[in-house]
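> I'll drop the sequence and a predicted model, then ask my questions.
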Amino acid sequence: PGKKVLIVYAHQEPKSFNGSLLKIAVEELTKQGCSVTVSDLYAMQFEPRATRNDIVGHLHNSEAFNYGVETWEAYKRGDLSKDLVEEQKKVQEADLLIFQFPLFWFNMPAILKGWMDRVLVQGFAYDLSKVYDGGLLQ
């Protein structure tokens with residue numbers, strides 16, 4: 001079977017240059033036998049803000065909220081919010097990950113930065129003891 005490809009797409013307008021690149025990528029990869037999934041962040045109205053809402057259930061430390069610690073603990077317990085779990089599943093199943101976005105002030109749009117902050121949490125995307133070729137998302 002062909003490779004599974006996830007395209008994380010961050011542009012508001014399907015008729016834009018980025019929208020055209022996305023369309024061509026999906027067509028070409030499909031032609032090559034790949035199975036392509038697109039996370040269209042604007043169409044999904046993806047929440048870019050990293051908040052307490054990303055943790056379901058109790059907090060590890062309710063006295064002082066630390067997003068990194070709380071999402072790591074929630075990931076280990078299986079207590080991340082549904083939208084994060086769905087995106088992590090797509091990442092895990094992908095053989096190839098493509099980010100399609102315009103450059104805003106020499107950087108990615110905020111919605112994509114928010115996707116990275118919220119989806120690529122410690123324990124899922126990285127672990128400080130497992131790096132480079134021993135990393136979690138090989």
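Everything's here; your move.
> which stretches of the protein form helices?
Taking DSSP state H as the criterion, the chain carries its helices at 17-31, 67-77, 82-93, 110-119.
> I'd like those helices written out as CSV, with mean pLDDT, distance to Pro1 and mean neighbour count added.
The C-beta positions use only the backbone N, C-alpha and C, and glycine is treated the same way. Formatted as CSV, these follow (pLDDT from 0 to 100; distance: least, C-beta to C-beta, whole Å; neighbours: other C-beta atoms under 10 Å):
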stretch, mean pLDDT, distance to Pro1, mean neighbour count
helix 17-31, 97, 13, 14
helix 67-77, 96, 29, 17
helix 82-93, 98, 12, 15
helix 110-119, 97, 25, 19
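> Redo those as CSV? Include distance to Asp40.
Formatted as CSV, those follow (distance: least, C-beta to C-beta, whole Å):
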stretch, distance to Asp40
helix 17-31, 8
helix 67-77, 24
helix 82-93, 12
helix 110-119, 10
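> Of all the ones you listed, which one is nearest Val56?
Comparing the helices of the chain by their distance to Val56 (C-beta to C-beta), the top pick is helix 67-77, with 7.1 Å.
> what comes into contact with the closest one?
50, 52, 54-57, 59-61, 79-80, 118, 121-124 (C-beta atoms under 8 Å, 6 or more residues apart in numbering).
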